[in-house]
Structure formats: C-alpha cells, structure tokens
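1. got a predicted structure here, sequence first:
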Amino acid sequence: MVSEYPPSIDQLARSLKDTGLPHPLLVDAARLAISEGNSEDFEKRARNIAESMASNLLTDVINATGVLLHTNMGRAPVDVSTSSTRYTNLELDLLTGDRGSRQDRAPQLLAKACGAEAAMVVNNCASAVMLVLAALAGGESVAVSRGELVEIGGGFRIPEVITQSGAKLVEVGTTNRTRVKDFAKAVNKENVVLNLSVHQSNYRIEGFTESVKISELAELDVPVVADIGSGLLDAACPWLESGPPAWLRNEPAARQTLEAGADLVTFSGDKLLGGPQVGVIAGKADLVKACSSHPLARALRPGGLVLNSLEKIALSYLDRDGNAIPFWRMATLPIDELRSRAEEINPLWVADTFSTPGGGTLPGVEIPSVGLVVPGDYSESLRLNDPPVICRVVDNSTICDLRTVHPNDDGVVGAALEAAVS
C-alpha cells in the first residue's frame, strides 16, 4: 500500500545516492518531485529528475553528424585537459625569474605560423574584433561595407560589436556592391581612422556583386583590419602532405591576407584552425601591442588550459603535422578508408554521404564521405546511448557519417545503431 504522505526530503534525497550526484542536487530533485504532488511514486519521479540533471552535465559525445565543426558540440575537437597537478609557468619567465605574459607562447607561435610580426589571443573572435576597435578606434569612426554587416551565431551583429567597442560605424557601399572609392570617400569626409573588412563566413551574395580587395584598402591612408573569421592560417596548407583540399578554394587565409596589405587579421581558434575557442589578433607588432595594453585585454584573456591546448595546436602547425590536429585529420580522410571502416561495422548499411565544415564556415561546401544509413529515425535512441551518439536524419533515414567519428568509436556507433534498430 502506497502511503498518502510524502517521505522527508532528506530521506528521499539519500535514496538517490547511487546516481552519483552531490547531495544538494539530490535535495533539489527530491523537493521538486514532492512539490509536484505525485503521491503514487515519489522516488521514481525524483530519480527521473536526478537522472535528467546528470544527463545535462558536460560529457563526451560521439559526433556522427558529418558536421566537422558542430557548434552545439564545441566545434573543433580538442583536448584541454592536463594530467598534471602542478602549477605552470603561465605568467612566469623561467630565464629571468620575472613576471612574464600569457601572450608570450601560443600567440607568438601562431604569429610565426602565419607570417605576422606579433599576435595575441582573447576568448573568441567577436572579442578580438571588439578589442581591436576599442584600442585603435575608440570614439572614432570605422568604415565597413554594408554587404559585410553580418550577424554571427547567437544573434550578435557586427554593428552591435562596433558600438560596444566605443567606435562609430560608418556604412559604405551597398548590400551587393562596394568599391574602394566608397571607403576613400569615408576616410576623407567622415574622418574614418580604420577600415574593417569582414568575411561573410556563413552566407554568400551572388549575382550582381562587387567587393573591395584587401590590397585596394591598403592603398588608403588608414589601417586595415581584416576579420577573416574561420582561421585558416595559410592557403598553401603546408601541414598537409597533399596540399590544400579543393573545398578550401577562395577561403581567406591569415598569411595571404597580411601579405596583401592588412595591418591586422582577426580569426577564430575553434574553426579551421582546429583549436580551442579563442580569438586571435595577428599582424603588425605596434598595433598588437596597442591591443594588449588596452584595459579590455585583461577582461577578455583566456585561461591556462585553453592556452596550453592552443600551444599544442600551434606547434603542430610549425611542425607541419596536420595529422596531429584532429580537425584536419578528419577533414582529409580518404573515402576508401571511410568505406572500409563502414563495411567492417555492417556492410548492409554502407552508403555514400557528405560532410560539411559547419560552424559558420564555408557555407554550401560539401565534402564526399561514407557512413551508415538505415531507414527510420533512431536519433533519440542513439542520443540516449552511453556515450551519446549524435546522428542526422534525412528523409526519415538515420545517417551516421564516419568522417566525424574517431576510428576507436566505430564499434560503439555500430553497437548503438544495432541496438536501436533491434
């Protein structure tokens, strides 16, 4: 017989100890279950709430969507952990014993990799743009083409970033056509102190269009800042034995943008760079110094774990070892290798598919791939697997694209899909 009276909150919370959650969270689960007034089975309801809490914590997932830079899953896969319980020399100069700078290591390695005089790192690309504008154009006018006033993920817009930096936006040209004379006019008549070029990372304008090259902007008498967005370091991709893949064509790169005349470039670390979430500012040393000296630089700086991860990525670039960078290793996997892996899992499910860069990078680009395809929507079952397997569903068929799955997880994906279908 079920008691009409609820158990004590503490008693109910203690009965959930096996979920592994801290006691204060179990108390919350117990309190919520009792408050809902379901006298039939308080413990069952409380356990469901506790398990829901546990599943909402950060955990590893297997990305079988084929989206290489999936924003919902942290974009580029990187290892930001450390097994050491020791301190680090984050801001310590070991040669002199004096205080050092966290900007002395990974940022300078990236500068060398992309041919910049200097570089610094903040916590994301929007921060990088805002810091540059605040340091170089605070209270002054900045010219941007109307066709480049983009909105990035989460609803953040370039005009709003400019406003928050304290700079004043001067729109030039039209949505589809902007010429260098539009920028020249703004410099001469609007007292513009900086020209900003923004890469249209997540959309394209086609047809009757015209845009201004960096080399043209460099002819004007104000600094040029190019936000190239996705973070390709060098269009030649010297870290790849086979050179740049065809799908990278026309993607702006830091080295070539600086060589074309940009004074600074800004870009993301968790996209084509293949690193953790950071924003990189690279280019002329005096301008980078002005940015690093601005009060906002301290508020926007990344932590030691992020810089440690970024340093490993930067060293891999300098070592020209693309295989050491998970994003590039996945992005360049041969079709034959993917097909062999798929056939080993289940030859009846093998099908050609395609991957995409994702993360607002290279819109419309599709990379040939191979995966497992079964009729029906099994996305929920796969998502609730341990570990979760995130797939995509197209035309009521479940697709597990192996390009974004580490080979060590092939067996997990196969078993999870087999269980879901069964």
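-> That came through fine.

2. how about the secondary structure of the residue nearest the centre of the chain?
-> Among the residues of the chain, residue 270 comes closest to the average C-alpha position under C-alpha atoms, centre = their mean, at 3.5 Å. Taken by DSSP: H, G, I helix; E, B strand; the rest coil, the conformation at residue 270 corresponds to coil.

3. for the strand ranked longest in the chain, the averaged confidence score.
-> In the chain, with assignment by DSSP state E, the single longest strand is strand 367-375. For strand 367-375, mean pLDDT rounds to 97.

4. can you offset everything so residue one is 56?
-> Will do, 56 is the new start, and the previous item becomes strand 422-430.

5. that older thread, residue contacts, the residue nearest to the centre of the chain?
-> 124, 129, 130, 131, 133, 286, 331, 332, 333, 414 (C-beta atoms under 8 Å, 6 or more residues apart in numbering). (C-beta placed from N, C-alpha, C; glycine too.)

6. do you know how far the third one is from residue 468?
-> Taking C-beta to C-beta, to the nearest Å as the measure, residue 130 falls 21 Å from residue 468.

7. before we move on, what about the fifth one?
-> As judged by C-beta to C-beta, residue 133 and residue 468 stand 21 Å apart.

8. how many residues are close by the residue lying closest to residue 432 once chain neighbours are set aside?
-> In this structure, residue 432 finds its nearest non-sequential neighbour in residue 448, 5.0 Å apart by C-beta to C-beta, 6 or more residues apart in numbering. Neighbourhood size, residue 448 [other C-beta atoms under 10 Å]: 13.

9. ok, residue 448 - contacts?
-> Per C-beta under 8 Å, 6+ apart, neighbours of residue 448: 432, 434, 454.

10. secondary structure class for it?
-> strand.

11. which strand residues bridge it?
-> residue 453 (DSSP bridges).

12. tell me the pLDDT at it?
-> 97.

13. any idea how far residue 401 is from it?
-> Counting by C-beta to C-beta, the gap from residue 448 to residue 401 is 18 Å.

14. could you do residue 314 as well?
-> The spacing between residue 314 and residue 401, counted by C-beta to C-beta, is 49 Å.

15. how about residue 335?
-> Where residue 401 is concerned, residue 335 sits at a distance of 42 Å (C-beta to C-beta).

16. still on that earlier bit, and the longest strand of the chain, what does it pack onto?
-> Packing contacts for strand 422-430, counted by 3 or more C-beta pairs under 8 Å, 6 or more residues apart in numbering; DSSP states H and E, involve helix 390-400, strand 405-410, strand 452-456, helix 465-476.

17. most packed of the ones you listed?
-> When the helices and strands packed on strand 422-430 are scored by mean count of other C-beta atoms under 10 Å, the highest mean neighbour count falls to strand 452-456 (a mean of 23).

18. mind checking how far it is from the chain centre?
-> Here the centre of strand 452-456 is set off from its chain's centre by 23 Å, with C-alpha atoms, centre = their mean, to the nearest Å.

19. avg pLDDT for that strand?
-> 98.

20. what does stretch 382-402 give?
-> 97.

21. go on, stretch 344-364?
-> Mean predicted lDDT for stretch 344-364 stands at 96.

22. ok now that stretch, how far from the chain's centre?
-> Worked out by C-alpha atoms, centre = their mean, stretch 344-364 lies 18 Å from the chain centre.
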